[in-house]
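Asks: coords please:
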Amino acid sequence: MEMVIDFPGGAKVDAHFGNFTVKTDQPPMGGGEGSAPTPFAVFLASIGTCAGIYVLGFCKQRGLPTEGIRIIQRVHTNPVTGMVGDIDLEIQVPPEFPERYTEALVRSAELCAVKKHLENPPSFHVYTRVAQPAG
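Replies: Modelled structure (predicted):
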């Protein structure tokens, strides 16, 4: 998969892939307009939404309604390093959700590909190359 990252102006940085564009910006105190989430917020949102797609799939496979189900994601930052230390994903279910499925629902959320990549991170290779003129 290839993404093209560009700089549309101000503190905005966009990622283009396939037919999609993910827009990011910085808050006003960071030199931006606050017109889109920060790149780090998009990263964090990918964790909860990835877990969510597994929860959704689990429910759909079993014919369970998803109305009233939501995931609350809490990020706990290490006060010394400023880095994320813990992330909680609380799957809230309505009172009528069958209790026999709650543990399996957690196991399904734990299959999230984003979470698995954080647990086994890829290697990064950052470099520059002179782009060829379009023509």
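
Asks: Tell me, how many residues neighbour Ile47?
Replies: Residues near Ile47, counting by other Cβ atoms under 10 Å, number 20. Just so you know, the C-beta spots here come from the backbone N, C-alpha and C atoms, and that holds for glycine as well.

Asks: can you tell me which residues contact it?
Replies: Going by Cβ atoms under 8 Å, 6 or more residues apart in numbering, Ile47 touches 73, 87, 89, 112, 114-115, 118.

Asks: Using neighbour counts, trim those to the buried set.
Replies: The neighbour count (16 or more other Cβ atoms under 10 Å) marks 89, 112, 114-115 as buried among the contacts of Ile47.

Asks: Averaged pLDDT, stretch 71-80. What do you get?
Replies: On average, the pLDDT along stretch 71-80 is 97.

Asks: for it, which positions count as buried?
Replies: For stretch 71-80, the neighbour count (16+ other Cβ under 10 Å) marks Ile71 as buried.

Asks: At the geometric centre of the protein, which residue sits there?
Replies: The geometric centre of the chain, computed from its C-alpha atoms, lies nearest to Ser46 (Cα atoms, centre = their mean), at 0.9 Å.

Asks: which SSE is that one in?
Replies: Per DSSP states H and E, Ser46 falls inside helix 39-62.

Asks: partners of whichever helix or strand comes after that helix, with directions?
Replies: Tracing the chain past helix 39-62, the next element assigned as helix or strand by DSSP H and E is strand 70-77. Its sheet considered, strand 70-77 pairs with strand 84-92 (antiparallel) by DSSP bridges.

Asks: sorry, back to before: tell me the angle the helix holding Ser46 makes with strand 84-92.
Replies: Per axes from the mean of the first three to the mean of the last three Cα atoms, to 10 degrees, the angle that helix 39-62 makes with strand 84-92 is 30 degrees.

Asks: quick thing: my sequence starts at 12, can you match it?
Replies: Okay, using 12 as the starting number, the last item reads as helix 50-73.

Asks: tell me the mean pLDDT over helix 50-73?
Replies: For helix 50-73, the mean per-residue pLDDT is 97.

Asks: sorry, back to before: was I right about the residue nearest to the centre of the chain contacting Val125?
Replies: Yes - with contact defined as Cβ atoms under 8 Å, Ser57 counts as touching Val125 (5.1 Å).
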